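[1] Coordinates for the following, if possible.
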Amino acid sequence: MTSLPENGYQISCLGVGRDEAHCKEISEAANSLIVQLATEFDLELAALDGITFAHDYAKALAELDRGFTTRRTLTATDVPHAQGVAMTPTVIRDGDIRFRIVAAAWVGIGLLEKDETLRSQAIYTLCHEGAHVHHESKWYKAFPDKHGTPVDEPGKISALLSAMFSAFSEYAVCRTTATIRPESVSDYEAGFVGAIDHTFSVCTERMRAYLLSRNHQQILDEMAALFGELVKLSAYLLGHLDGLEAEMKERAETAYARLEQHPALQAALEDVHKELKTLWETEGKWSGFDAFYPLHECAIRLIAAYSVTLKTSGPIFNVSVPLEVIEQFVDLEWIAEHAQELAAANQT
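    Take a look at the predicted model:
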């Protein structure tokens, strides 16, 4: 059943388009695509607040009227392996939860492009964000009292659990929209491979610093952020492949080969994949946040394989590093160079 906003929605062009007529063309193309997305994919888009195409995407995000007070300023993803061009933040309008698509100028302009590659990229990007409205609406209906609030579940790392929610959201959206642009698999593959390289490089750096400082809270926060992001980047690729009913070995050979170089990561992501598929199959029927606990535990095991082992006792978190893990990122030369610092750290 087609579901679109009952009273329509706003489309804004901020510094986008040659003139008013061009902006109108962009708006009409965007609206036509949203209607098509809702109709042909049977998506629930009633909670769409509107669409903003902006010449200054970062500014548009930062200045978006959310309808509520928050300390967190929206910022675009900007890392070597992933560049954000669109986002669908939560807003509140007249007391109701809504979702606003904010996208870089080229997404709107690209809808009118004659070049098929550029146009398909723009269409896919807007459809991807539209699908977020659908899946975030399901999330809100499942947890109406939790949406937009800090995640604080007993014995769980809040930031990591939040990252797992994001991972499933991206998995679901990519699975939903995969057939719109199958070739996007190469983009997700490149992002994932880049994330693997980044993760192991930073992990070594942070773990060496931890051995010298023994700052348990800092290393826990850093590893949760680092590996949470890696799981999320894997979810894009896994969701897209599942949407195409394709295997990584066949459609993303570079990513598959890279995983074979890291057996512990490969094993952990196989578990992540199983949990993502389970969440997909039960979407909207979750009994509570505990449906996401298994995905959180997968991430904890992944972190333990390459950095710190976490054990919980009520609200207390205990951090340790097995010798076999330490051997992954230090050698005798490094130990000798930092012998005094290591001795001091071990005495604290």
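[2] which residue ranges form the strands in the protein?
    Counting by DSSP state E, the chain has these strands, from start to end: 10-14, 48-54, 78-79, 82-83, 86-87, 90-93, 96-104, 309-313, 316-320.
[3] Out of those, which gets nearest to Thr177?
    strand 86-87 (12.5 Å; C-beta to C-beta). The C-beta positions use only the backbone N, C-alpha and C, and glycine is treated the same way.
[4] circling back: which of the strands of the chain has the highest mean neighbour count?
    Compared across the strands of the chain, strand 48-54 shows the largest average neighbour count, a mean of 24 (mean count of other C-beta atoms under 10 Å).
[5] For the strands of the chain, give me JSON lines that also has mean pLDDT and distance to Lys249.
    Output for the strands of the chain, formatted as JSON lines (pLDDT from 0 to 100; distance: least, C-beta to C-beta, whole Å):
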{"stretch": "strand 10-14", "mean pLDDT": "93", "distance to Lys249": "42"}
{"stretch": "strand 48-54", "mean pLDDT": "96", "distance to Lys249": "37"}
{"stretch": "strand 78-79", "mean pLDDT": "66", "distance to Lys249": "27"}
{"stretch": "strand 82-83", "mean pLDDT": "70", "distance to Lys249": "23"}
{"stretch": "strand 86-87", "mean pLDDT": "94", "distance to Lys249": "30"}
{"stretch": "strand 90-93", "mean pLDDT": "90", "distance to Lys249": "37"}
{"stretch": "strand 96-104", "mean pLDDT": "94", "distance to Lys249": "33"}
{"stretch": "strand 309-313", "mean pLDDT": "79", "distance to Lys249": "31"}
{"stretch": "strand 316-320", "mean pLDDT": "79", "distance to Lys249": "35"}
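[6] out of those strands, nearest to Tyr256?
    Nearest to Tyr256, of the strands of the chain and by C-beta to C-beta, is strand 82-83 at 19.5 Å.
[7] circling back: could you export the strands of the chain as TSV, including distance to Ser234?
    Converted to TSV, the strands of the chain look like this (distance: least, C-beta to C-beta, whole Å):
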stretch	distance to Ser234
strand 10-14	33
strand 48-54	28
strand 78-79	15
strand 82-83	12
strand 86-87	20
strand 90-93	24
strand 96-104	24
strand 309-313	20
strand 316-320	24
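[8] list the contacts for Ala76?
    Neighbouring residues of Ala76 by C-beta atoms under 8 Å, 6 or more residues apart in numbering: 57-58, 61, 83-85, 87.
[9] Ala30 and Leu112 touch, don't they?
    No. If you go by C-beta atoms under 8 Å, Ala30 and Leu112 don't touch, sitting 10.0 Å apart.
[10] which of these two has more neighbours?
    Ala30 (24 against 16; other C-beta atoms under 10 Å).
[11] Distance check, the more buried one against Glu63.
    Plainly put, Ala30 is 21 Å away from Glu63 if you go by C-beta to C-beta, to the nearest Å.
[12] Next: Ala38.
    Using C-beta to C-beta, Ala38 is found at 28 Å from Glu63.
[13] These two: who's more crowded?
    Shown here are Ala38 and Glu63; by other C-beta under 10 Å, Ala38 has more neighbours (22 against 12).
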